[in-house]
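Peer 1: This is a predicted model, with the sequence first.
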Amino acid sequence: MAEPHWVADSSPRPTQPVAPIDLDLAFVADSDLAPELLAAAGPWCAPPAANNQANEHANDPVEQAWQQLLAGWLAQLQAELPAALQRAAYSLGLSLVGDAAIAELNHDWRAKDGPTDVLAFAAMDDDNEDMPALPGGDATLELGDIMISLETAARQAPEHGHSLEQELLFLASHGLLHLLGWDHPDAPSLAAMLRRQDDLCSSVNVQASGSRTPPR
C-alpha cells in the first residue's frame, strides 16, 4: 500500500454543505475480466462495448459513475485533510484488474506473494507533507492510482456479508483514503479508518458490514 502521511482519526465529521470537487479520473477495466464478474459489479464495471471507433471518445457511463462517486467523497473529506491537500481539483487513476495483475504488483511493490484486494500508489511523497497550501486551493493535485482486483473482491464479498458492488465501493474508499495519507498501523487507527469508509459508503446508500481486516 501507499506510504502514510497521517493516521486515521475518529473526530466528528462536519455537517455543513461542501463545495463540489473537479476530478479528472482515468478509469480502466481489464478487457480479460470474466463477463459474469463484470455483470455482478453492476454500474461500477459494465461489460465493455464492442470495439467501435465512433464511440472511442464518447462519455463512458461507468467512468462517469466512478467520477461522481470519488468527487463526492473528496468533497466530504476536505475539512479533514491537511491544508496542503485541500483542493478544488484532483486527478487520479482507478483500475479494475484480475488476480494475476494485482499479484504481480503486490510482489514487485510490497514483496508479498499472491493477490490482494486493493493497492494504492500515492503520487505524493514524504516531501508533500510540508507542502504549503495554495491560495483558494489552486492547481490540480495528482493523487496517484488505485488498483482493485475484481476477482479477489468477488471472492471476499460473501465473507463480508454484502454484494460485489458494495465490496468494490468499500475497497475504492480504502484506496482513496490511502492516497490521501490515511494509514492503519494499529487496531484503533484501523477501526477509525474502516468507520470512515462506512461513512463514505453510507453516503451513497452502500453500507458495508461484517468484520474487516487490512488488505493482504
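Peer 2: Arrived safely, thanks for sending. The shown structure was predicted, so the numbers you read here are calculated from the model rather than taken from an experiment.
Peer 1: residues in contact with the spatially most central residue of the chain?
Peer 2: The geometric centre of the chain, computed from its C-alpha atoms, lies nearest to A172 (Cα atoms, centre = their mean), at 2.9 Å. The neighbours of A172, taking Cβ atoms under 8 Å, 6 or more residues apart in numbering as the test, are W66, L69, L70, L94, V118, I146, I148. All C-beta atoms are positioned from the backbone trio N, CA, C, and that covers glycine.
Peer 1: Quickly find the element holding it.
Peer 2: helix 164-179 (DSSP states H and E).
Peer 1: what about that helix, average pLDDT?
Peer 2: Average pLDDT, helix 164-179: 96.
Peer 1: From the contact counts, what lies against the helix or strand following it?
Peer 2: Per DSSP H and E, helix 164-179 leads on to helix 187-202 as the next helix or strand towards the C-terminus. Packing partners of helix 187-202 (3 or more Cβ pairs under 8 Å, 6 or more residues apart in numbering; DSSP states H and E): helix 164-179.
Peer 1: mind redoing it with 10 Å?
Peer 2: helix 61-77, helix 164-179 (3 or more Cβ pairs under 10 Å, 6 or more residues apart in numbering; DSSP states H and E).
Peer 1: From the chain's centroid, how far away is that helix?
Peer 2: Relative to the centre of its chain, helix 187-202 is centred 13 Å away, using Cα atoms, centre = their mean, to the nearest Å.
Peer 1: Check stretch 163-173 too.
Peer 2: Distance, centroid of stretch 163-173 to centroid of chain: 9 Å (Cα atoms, centre = their mean).
Peer 1: circling back to that earlier point, for the contacts of A172, work out which two are farthest apart.
Peer 2: L69 and V118 (15.2 Å; Cβ to Cβ).
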